[in-house]
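Q: with the sequence up front, the predicted model follows.
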Amino acid sequence: MAGLLAAIGVVGIVAGTLIVNDWPPPLSEWVFAALGLTLSALGWLLTSRRPEIRFGWLLLVCALCLGLGVTGIGLSYRGSSGLLVSLLYAATAGFYGLIWIFVPLLFPDGRLPSPRWRIVAWISGVAIALHAIGIGLTLHNGYDLANTQLSAGKLTAVAMAGGGQFVTWIMAVVVFCGLVARWRRSPRTERGQYAWMVGGMVATMAGGVLIIVDAAGGEASAFGAVGALALIGSLPAAIGVAIVRHRLLDIRFGIRGSRLHLVFDVRPTVDEVLSDLGTALDDTPEPVEQLGRVAAAVRTVLDTRWAAVTLEDGRRVVVGKEEGAAALAVPVRGGLGRIECGPRETGRLTRVDRRLLEALAVPAGLAIQSAGLVTRLVNAQEAERRRIERNIHDGVQQQLVALIAGLELARATGAGPELLAQLREQARQTLADLRELAAGIHPSALGQGGLVEAVEERCSRLPVRTTVASAPALRASRFSDEIEGAMYFTVSEAVANALKHAGAAAIEVSLSHADGRLRATVTDDGTGFDPRTTERRGLARLSDRLDALGGGLDVRSEPGKGTRMNAWVPVDG
C-alpha cells in the first residue's frame, strides 16, 4: 500500500508537470517535480520501515493529493473538463490543508499533542472538505467567477470554497502557534527537530502567501514560481534535515567503512527485532548468555545507555554501563522478572518504544524460563550425585570393607564352614544392596522388560498392598530411555512418598498411552497434605525432568483424603 500511494503521487507530479509545459520543460519545472518527489520518498520510507508510525502515512497522503492535484491542473490548463478533472483539481485543497495543518499538528509521530487538539483537527477536517468540494463544484459547473450573475447553486459552491479556505488559513495559524509553543517547551534533545519543523512551516506559509499575491496580479511571475517551490519543498527539506542532523523518528544517516560509502539506517521493526533475536537465541545454548542477548537487543533497538534483564530471585544481567534509575521497565509474563533500560542517547522513550519493549518481554520470558529450568536440573543432578555418593559411602562401601576384612581373617586363621557360610551370606547381602542401589540409578528391569515390568517389579517389593494397572498393548511398547526413566523414577518417588510420609495402606498405579501421551497415575489412601504449604523437593525435581521432555506433573491432595499424582510426557505413535 505504501509503495502504491507513493507511485501514484510520483506519476501524478511528473505527468502534471509534463502536461502543463511543452517539451522540454524549463528547469524550474524540473525542480518543482523533484521537490514534489521528495515528499513521496519520505512517506514511502517511513511507512515501509515504520508502519506503526502514522506520520509516514500522512506524508504519503499529502504526496498523493499533490500528484492528483498537479495532474488536474495540467489537464485543466490544456482545456480538459469534466467530473474527473474537477475531482483531480480539487485534490489541491486537500494538499494545502494537510501540509499547513495536519503535518505540523501531528509532528513527529502522527499523534495529536494532547486531547485538547481534537476540536482543531475536526474543524480543520471539515474546512478542508468544504474547500475541496467547493473547488470541485466550481470547476465542474464551468462558469466564470467574474460573472456577477450567479445562481444560488453557484453562489453556494463559491461560498463553500471561500469559507473552507478561510477557515483553513485560520486553523493553520492556530496550529503553527501550537508548534512554536511545543518547540519552546521541548527538551534539549528534541529542540533541533522542532526548530527545523518551525522553519519549514514558516517557509511553506510564506510560499502560500506568494502564490496568492501572484494570483491576485493576474499574470504569472517569479513570485508564483518561488512560492510554489517553497510550498512544495520546504517541509520535506526540513524533515530531511531533522532526520540527518537530529535522528528524527530514529532514522540515521552516517558514513561507515574505509571506503566512505553512505549508510542509511532506520530502526528495525518489531517483527525484524523478534526474528533476529529468535535466531540469536537459537544459536546461544547457554541460558545466561541468552539473557544477555535479550538485554543487548533492547539496548541496540531502543538506543539506550544500558539495558538489563532482572530475574525474580534478584539475579541481574546488564549490558552497558548502568547509571541512574531505569527510564522504562516492563514485567516479563508470568512474573518471572522484568526488563529495564536506561535513558536514550538522544531523545525520549515513546509509547512506540514501550510497545517494542513489551514485545521483547515474550522471548525474554522464554529465556528466563530456560535459565531457571537448566539451573534446577543442574541442582537436581548435583543433589542426585551426592545422594548416590552418600549411599555408596555409608552402605555398600562399609559392607565391602567388612567383607574384605572377614576374608583376610578367614585366610589367616583357616576358617571353618561356619565362618565361610557367614561371609557368603554377607556377600549376598552386599550384592542385594548393590542391585537396590543400581535400581535407583537405572533399574535393569527397565532396560530389559520396559516400563510396565519395571514398575511392577518396583511395586512388588513394597510392604503394603499395591496394584499396577496397564493396557496389554502398553506392556509390549517401548519408548526412549529418557521417557521411560523419567516416568519410572516419577512413579518410584510417588510410592516412596506414600510410604514414608503419608502412611498409606494401599497404593494404586495406573499406566496408559493415549492421544500421543504416556501417562502415569499414583493414588494412595494416606494422610494427604496441603500442596500450597508443603515443600515437595523430590517431586519438584521430577517435575523439572518432565518439563524438559515437554510433559508435566500434577499433584492433588487434601489432609485426610489421600494423594493423587498425575504425570505425562508426549510420545510418538
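A: Looks like it arrived, so ask away.

Q: can you find the helix or strand in this structure with the smallest mean pLDDT?
A: Of all helical and strand segments in the chain, the minimum by mean pLDDT, DSSP states H and E falls on strand 261-266, at a mean of 49.

Q: what about the most centrally placed residue in the chain, which helix or strand?
A: Closest to where the C-alpha atoms of the chain average out (C-alpha atoms, centre = their mean) is residue 359, at 2.5 Å. Using DSSP states H and E, residue 359 maps to helix 351-391.

Q: also residue 97?
A: helix 83-97.

Q: which helices and strands does that helix pack with?
A: Helices and strands touching helix 83-97, by 3 or more C-beta pairs under 8 Å, 6 or more residues apart in numbering; DSSP states H and E, are helix 54-77, helix 118-141, helix 152-185. To be clear about C-beta, it is placed using only N, CA and C from the backbone, and glycine gets the same treatment.

Q: sorry, back to before: now do the helix holding residue 359, average pLDDT.
A: On average, the pLDDT along helix 351-391 is 68.

Q: centre of the chain to stretch 495-514, how far?
A: Distance, stretch centre to chain centre, for stretch 495-514: 45 Å (C-alpha atoms, centre = their mean, to the nearest Å).

Q: hang on, residue 572 in a strand?
A: No. Residue 572 is assigned coil when assessed by DSSP: H, G, I helix; E, B strand; the rest coil, not a strand.

Q: next, count neighbours for it.
A: 6 (other C-beta atoms under 10 Å).

Q: from now on call the first residue 211
A: Fine by me, first position is 211 from now on; the one you just mentioned is residue 782.

Q: ok, back up a step: who's in contact with the helix or strand that comes right after the helix holding residue 307?
A: Proceeding N to C from helix 293-307, the next assigned helix or strand is helix 313-315, under DSSP H and E. Helix 313-315 is contacted by residues 268-269, 272, 322-323, 327, 330-331, 334, 385-386, 388-389, 407, 411, 445 when judged by C-beta atoms under 8 Å, 6 or more residues apart in numbering.

Q: which of the residues in stretch 222-238 are buried?
A: For stretch 222-238, a neighbour-count test (16 or more other C-beta atoms under 10 Å) marks 222-227, 229-230 as buried.

Q: for the residue nearest to residue 423 when sequence neighbours are not counted, phi and psi?
A: Distance criterion C-beta to C-beta, 6 or more residues apart in numbering; nearest residue to residue 423, sequence neighbours excluded, is residue 433 at 5.8 Å. The phi and psi values for residue 433, taken as degrees, to the nearest 10, are phi -60, psi -40.

Q: try residue 245
A: phi -70, psi -40.

Q: which ones are touching it?
A: Residue 245 neighbours (C-beta under 8 Å, 6+ apart): 439, 442-443, 446-447.

Q: gap between it and residue 755?
A: 68 Å (C-beta to C-beta, to the nearest Å).

Q: likewise residue 314?
A: Counting by C-beta to C-beta - residue 314 and residue 755 are separated by 62 Å.

Q: got it, and residue 711?
A: Counting by C-beta to C-beta - residue 711 and residue 755 are separated by 20 Å.

Q: ok, those two, which is more surrounded?
A: residue 755 (24 against 15).

Q: what helix or strand does that one sit in?
A: With DSSP H and E as the test, residue 755 turns up in helix 747-758.

Q: tell me the mean pLDDT over that helix?
A: 72.

Q: how near is the closest residue to residue 339 other than its chain neighbours to residue 291?
A: Using C-beta to C-beta, 6+ apart and skipping residues adjacent in sequence, the residue nearest residue 339 is residue 374, 7.2 Å away. Residue 374 sits 22 Å away from residue 291, going by C-beta to C-beta.

Q: now swap in residue 624 and tell me
A: From residue 624 to residue 291 the distance is 134 Å (C-beta to C-beta).

Q: again with residue 226
A: Distance from residue 226 to residue 291, by C-beta to C-beta: 16 Å.

Q: and if you look at residue 253?
A: Per C-beta to C-beta, residue 253 is found 31 Å from residue 291.

Q: same deal with residue 730?
A: 85 Å.

Q: more neighbours: which of those two?
A: Remark: of residue 730 and residue 291, residue 730 carries more neighbours, 23 against 12, as counted by other C-beta under 10 Å.

Q: which non-adjacent residue is nearest the more buried one?
A: residue 777 (4.8 Å).

Q: counting contacts, what elements does the helix or strand harbouring the one you found pack onto?
A: Using DSSP H and E, residue 777 falls within strand 773-780. Using 3+ C-beta pairs under 8 Å, 6+ apart, the elements in contact with strand 773-780 are helix 691-710, strand 727-734, helix 747-758, strand 762-767.

Q: can you report how many residues lie near residue 632?
A: Residue 632: 13 neighbours (other C-beta under 10 Å).

Q: likewise the one 3 residues further on?
A: Neighbouring residues of residue 635 were enumerated by other C-beta under 10 Å; the total is 10.

Q: ok, and it, which helix or strand is that part of?
A: helix 627-651.

Q: what about that helix, average pLDDT?
A: For helix 627-651, mean pLDDT rounds to 69.

Q: quickly note the distance from the residue nearest to residue 753 when sequence neighbours are not counted to residue 734.
A: In space, and not counting its chain neighbours, residue 753 is closest to residue 763: 4.1 Å by C-beta to C-beta, 6+ apart. Distance from residue 763 to residue 734, counting by C-beta to C-beta: 16 Å.

Q: and these two? Which one has more around it.
A: Between residue 763 and residue 734, counted using other C-beta under 10 Å, the more crowded position is residue 734 (26 against 22).

Q: beta partners of the more buried one?
A: Legend: beta-bridge partners of residue 734 under DSSP bridges are residue 717, residue 773.

Q: contacts only, for it.
A: Shown here is residue 734, whose contacts under the criterion C-beta under 8 Å, 6+ apart are 705, 708, 712, 714, 716-718, 772-773.

Q: in CSV, list the C-alpha atoms belonging to stretch 541-550.
A: Output of stretch 541-550 as CSV, limited to C-alpha atoms (Å, rounded to 0.1, in the frame of the first residue of the first chain):
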residue,chain,number,x,y,z
PRO,A,541,7.4,-7.0,33.5
VAL,A,542,8.1,-10.4,31.9
ARG,A,543,5.0,-12.5,31.5
GLY,A,544,4.3,-14.9,34.4
GLY,A,545,6.0,-12.8,37.0
LEU,A,546,9.4,-14.2,36.1
GLY,A,547,11.2,-10.9,36.2
ARG,A,548,11.4,-7.6,34.3
ILE,A,549,13.2,-5.8,31.5
GLU,A,550,14.7,-2.4,32.2
